[in-house]
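1. The sequence isn't on hand, but the structure is:
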């Protein structure tokens, strides 16, 4: 090569020589100051921040920098590694756009191939969205649809396709979930949890039911088993061979179960075979909006049954995909109005706690929505309060909309919210002006959210809905309908 | 700041200040060397009066002419001598054509490459691995024996953080800076905060690469609408820290080659990056060779930024250091044209006066609508602990000397003395001593936008309490010094630093 024989020109220390070489013979260094490091550090160069990660569903714009904020629990957990588990807790006053946020997240995730599963829609906030996505809407309510909590749903058929440990694990899981659901319903009905003895009796009775019953049992069959007093159940009840004693022990249990069979406050929603089984290959929404708000216990029971049934189905789907029998599916579970369940009866926190531990399975993101920390911390029992606070602490991230000022100390107990962040949240809960002539004026904080992950400084953002979404985002439909004929 | 009990109201904010221009003791505006010259000259004048009054007068005039360029200073505190030198060097540079740079196949550089112009022309870029196995770029300047590593940070920003947390971060930043003075061979460090418009390509890539094949129509439409509407007017901020080490022989150490430095720095990097996490800089990691080449290429030619982002999403641009520079550049007296853009660079001619809060630079660092791209670079040169002790003691002596010059005792001199004593105290209790400067580069896409960018920078300087001076006649080198490539200009000067300091 020419290079080895004739030496090429080389750049000098100040650049290539000659015209057009860009050499810099004269340097003018920036003037320097001198100080001790404890003072010079005051010219701190990190005040501007570096923006937000671009991973996840685009939700809105950063209120500070205007950059697009992308965030959803699944992407942040799986791809970005920003959070330690794929769950999200949303707190915020009503009317500030919590449902819009969750709808945006669900819609975006649906675009990313994740099925949103809405376990209990009380408003209905999500029915339109799920319909628009081509999903399944299951209606529950007095005389409108039934959900059999003893129905293993997909689990039974899934277990039939599995073998060995996977099958055993799935069946054990389904058994536990069923027991848990029955206990939870009894808890709601009685306003106190069943005793340990009663739970043992229930567990034994469910075992007997599995052995004897052909097809899918309903609650009436369970009651019949307890009434029949088979030996294993008697052993579990510790009746010492005395049938009278057995009947004494199971009397309350029988009456509670009878209450669930249609003659009690909870109606017959849970006493009949499931009217529409849940599909696992599409978005699903359980519409419980026909239950009146005054029926607090029925609402709670319906929500809890949806959760139990839904989580069972998701576990089955995962067992199948783990065994390679079904394609890997990802789900985004939405548990809206958590406070209704927690408030319905004491002792339910435990049940919810058990139910919601499904999210450790991969590919399942979960969002829990409630109004305020007060919902969680106003529970009568101290251990319930601790556990409820644990829901928030355990969540990978917390998203807050506007909150009243007296919420801040409670919020501070579970997430590290700085004073400035507290101020923002309080400002966002301010109502709009008194001007009633312009109905389009939004409350000042509507659509504004603070995303918190651990003790890192939060991200404030505003969710901007797009034209396509507006059709499925009309949450005040009932109001609008009433006004339009006038 | 120590907590203050409740009945005394909110705790006062921690303030920072007490930095000084390195100056030697002299009479009035003069440094040490001109003072000595003046005294010697006066003796000669007095002696010559014994010979002839006219001769003495003549000598006095000559002495005045010699000292005037050193004594007369403009509002940026530059002596007449410096200004004259700058003018002269600029006209020579224009007449020799070295203010122009043409590279590439038809350019003036060797091998048809697009190397960086000026001081960085002979630099080489290699990649090594640190002890965590992370690849890092090692930039070497053979002419000065300097080796540079560049870290990229992910700062959380101060907008939603309480002041006491920020105070902790700032204190740790001070600790990190003082740690630099004990880094063996470290000659300079710089922090570059760059703001640039968001092209929206990252978002586009995020959405398009994740969009499922059987996504429902509604979700698809929504995501398309987001892509069309969201990215407008948002900005990206990147923070980079360049550390410049000298491979020159030190007592007990022979000269170190690039390979030696790679091993040495690779062992050091994990400590340096983990130390940054508490300073508010967030998670820091070393830049790879390709990333550094891309960053420099985008700085010289912002128009390629979308192409590079696109290439990144397709598996990397693979840009080499030989192609990181501009194809053409033209240095003017007050601006610098490079490839597709025009830039102007300012240097800090006066540090923030008085006591400032740690938020003082925030306004300057945040994105500004009138400036498409902006780089703010803080340049640090730490003193090693031995000379730090000497310097603060000498400062104290000099301040005392000045304070004693006038019999009445001027308040300003008393304050200076107090400040020097405080610095000595801080140094004695473990703080390091560091020299620092600041450069601001504004880059715009058309020449017409330059005046608006100039006005914007002027507006930003006032709240940051700094005085900025356009680096007249030396825009190209100032632009390069503002890049995260670790150029330490004071160490490239022809006049040794000891002489300059004494002027």
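-> Structure's in. What do you need? Keep in mind that what you see is a predicted model, and the values were worked out from it rather than measured. Numbering: from 1, shown residues only, chains lettered A, B, ... in the order given.

2. can we go C-alpha only for contacts and neighbour counts from here?
-> Noted.

3. ranges for the strands of the stretch 301-450 of chain B?
-> B:328-331, B:336-338, B:341-350, B:373-382, B:433-444 (DSSP state E, counting those that start in this stretch).

4. In contact with residue B:332: list those residues for me.
-> Residue B:332 makes contacts with B:99, B:473, B:475, as judged by C-alpha atoms under 8 Å, 6 or more residues apart in numbering or on different chains.

5. Which helix or strand contains residue B:284?
-> Per DSSP states H and E, residue B:284 falls inside strand B:283-286.

6. Minimum distance to chain A: which of the strands of the stretch 301-450 of chain B has it?
-> Each of the strands of the stretch 301-450 of chain B has some distance to chain A by C-alpha to the nearest C-alpha; the shortest is strand B:433-444, at 4.3 Å.

7. sorry, back to before: what lies in contact with the strand holding residue B:284?
-> Contacts with strand B:283-286, where a contact means C-alpha under 8 Å, 6+ apart, come from B:134-137, B:149-155, B:269, B:273-274, B:276-277.

8. neighbours around residue 211, how many?
-> No chain was given, so I picked chain A. By other C-alpha atoms under 10 Å in any protein chain shown, 9 other residues sit near residue A:211.

9. right idea, wrong chain: chain B
-> 19.

10. Now it: closest residue in space that isn't a chain neighbour?
-> residue A:112 (4.7 Å; C-alpha to C-alpha, 6 or more residues apart in numbering or on different chains).

11. doesn't residue B:212 make contact with that neighbour?
-> Yes. Using C-alpha atoms under 8 Å, residue A:112 is in contact with residue B:212, at 4.9 Å.

12. Closest residue of chain B to chain A?
-> At 3.4 Å from chain A, residue B:157 is the closest residue in chain B, using C-alpha to the nearest C-alpha.

13. out of the contacts of residue B:332, which is most surrounded?
-> residue B:99 (30 neighbours).

14. That one touches residue A:18, doesn't it?
-> No. Judged on C-alpha under 8 Å, residue B:99 makes no contact with residue A:18 at a distance of 10.0 Å.

15. any idea which residue sits dead centre in the chain?
-> As the question left the chain open, I've gone with chain A. residue A:367 (2.3 Å; C-alpha atoms, centre = their mean).

16. You answered for a different chain; I wanted chain B.
-> In chain B, the C-alpha nearest the mean C-alpha coordinate belongs to residue B:379, at 3.3 Å (C-alpha atoms, centre = their mean).

17. And for that one, nearest residue in space, chain neighbours not counted?
-> Nearest one to residue B:379, counting by C-alpha to C-alpha, 6+ apart, is residue B:190 at 4.4 Å.

18. Near chain B, which residues of the stretch 301-450 of chain A are found?
-> Residues of the stretch 301-450 of chain A lying near chain B by C-alpha under 8 Å from any C-alpha of the partner chain: A:418, A:419, A:420, A:421.

19. Pipe these into a markdown table and attach secondary structure and neighbour count per row.
-> Formatted as a markdown table, those follow (DSSP: H, G, I helix; E, B strand; the rest coil; neighbours: other C-alpha atoms under 10 Å in any protein chain shown):
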| residue | secondary structure | neighbour count |
| --- | --- | --- |
| A:418 | coil | 21 |
| A:419 | helix | 15 |
| A:420 | helix | 14 |
| A:421 | helix | 22 |
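
20. Kindly indicate which of those lies nearest residue B:438.
-> residue A:420 (29.8 Å; C-alpha to C-alpha).

21. What residues does that closest one make contact with?
-> Going by C-alpha under 8 Å, 6+ apart, residue A:420 touches B:160, B:161, B:162.

22. contact partners of the lengthiest helix in chain B?
-> In chain B, taking DSSP state H as the definition, the longest helix is helix B:385-405. The contact list for helix B:385-405, computed with C-alpha under 8 Å, 6+ apart, reads B:24-25, B:181-182, B:409-410, B:413-414, B:416-417, B:420-421, B:423-424, B:427-428, B:432-433.

23. distance of the residue nearest to the centre of chain A from residue A:113?
-> Residue A:367 sits 17 Å away from residue A:113, going by C-alpha to C-alpha, to the nearest Å.

24. Please apply the same query to residue A:262.
-> In terms of C-alpha to C-alpha, residue A:262 sits 40 Å off from residue A:113.

25. which of the two has more neighbours?
-> More neighbours surround residue A:113 than the other of residue A:262 and residue A:113, with 21 against 16 (other C-alpha under 10 Å).
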